[in-house]
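*Asks:* Quick check, what structure comes out for this input:
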Amino acid sequence: SRLAYGHFEAREVLDMEEELLQTLEWRVNPPTMHQFAIRFSGLHPLGRLDTDSTDYLHEVTRYQVELAVFFPELMMNYKPSIIAYAAMLRAEDELDPSVLTFETREKFLSLQSVLKMEPSQVEEARAALENLIPQVPDVNQYEDLKQESTPTNVPATTERDGSLSP
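*Replies:* Okay, here's the model as predicted:
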């Protein structure tokens with residue numbers, strides 16, 4: 001066997017891989033904060049609606065979890081699910097109460113028990129996010145940025161024959 005210059009047989013390598021996987025309880029690719037942010041967006045009561053508020057909620061949550069990876073004090077002390085959930089709660093704070101009613105917010109908060117999250121951990125992570133990322137885009141800034149990135153005039157394209165089409 002050419003594997004490791006003949007020092008190990010293929011079966012030995014496979015056995016060791018299996019032992020490693022068993023030791024790690026097959027947790028070799030756990031979900032990322034970004035994946036949790038996507039899932040929580042779908043679970044959020046506003047997530048079922050296709051509105052600017054839904055987009056804002058998801059994007060500001062995503063913004064925070066992308067920045068969170070640069071703060072080891074977050075990554076080492078909280079699970080990715082806790083950080084993503086805390087980021088979404090923080091994004092909720094920016095929404096108008098007419099959009100995010102008390103009942104809607106309570107529905108999302110009730111997920112903590114369903115997801116077996118310790119509320120004190122979520123609150124600690126949320127406070128840490130606020131401390132480490134003091135500014136998140138507010139709804140108006142988000143709307144302005146969204147409009148700037150949306151083309152208002154779609155340029156004409158050139159067809160193969162050289163003619164222009166809208």
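*Asks:* how about the strands in this structure?
*Replies:* With DSSP state E as the criterion, the chain has strands at 157-158, 164-165.
*Asks:* biggest helix in this protein, by residue count?
*Replies:* helix 52-68 (DSSP state H).
*Asks:* buried ones in it?
*Replies:* 53-54, 56-65, 68 (16 or more other C-beta atoms under 10 Å). All C-beta spots, glycine's among them, are computed from the backbone N, C-alpha and C.
*Asks:* helices and strands around it, which ones?
*Replies:* helix 33-43, helix 80-92, helix 119-132, helix 139-149 (3 or more C-beta pairs under 8 Å, 6 or more residues apart in numbering; DSSP states H and E).
*Asks:* Let's see that with 7 Å instead.
*Replies:* helix 33-43, helix 80-92, helix 139-149 (3 or more C-beta pairs under 7 Å, 6 or more residues apart in numbering; DSSP states H and E).
*Asks:* From the rest of the structure, what touches the second one?
*Replies:* Contact with helix 80-92 is made by 31-33, 36-37, 40, 44, 57, 60-61, 64-65, 68, 74, 100, 105, 115, 117, 121-122, 125-126, 129-130, 136, as judged by C-beta atoms under 7 Å, 6 or more residues apart in numbering.
*Asks:* Would you list the buried entries among those residues?
*Replies:* 33, 36-37, 40, 44, 57, 60-61, 64-65, 68, 74, 100, 105, 117, 121-122, 125-126, 129, 136.
*Asks:* quick revisit: can you tell me which of the buried residues of helix 52-68 lies closest to residue 26?
*Replies:* Nearest to residue 26 among these is residue 65, at 24.3 Å by C-beta to C-beta.
*Asks:* Model confidence at the nearest residue to that closest one once chain neighbours are set aside, what's the number?
*Replies:* For residue 65, ignoring the flanking residues on the chain, the nearest one in space by C-beta to C-beta, 6 or more residues apart in numbering is residue 33 at 4.0 Å. Residue 33 carries a pLDDT value of 90.
*Asks:* same question, residue 159
*Replies:* 49.
*Asks:* repeat for residue 4
*Replies:* 71.
*Asks:* Now for the closest residue to it other than its chain neighbours, how many residues are close by?
*Replies:* Leaving out its chain neighbours, the residue that sits closest to residue 4 by C-beta to C-beta, 6+ apart is residue 13, at 7.7 Å. Neighbours of residue 13 under the rule other C-beta atoms under 10 Å: 13.
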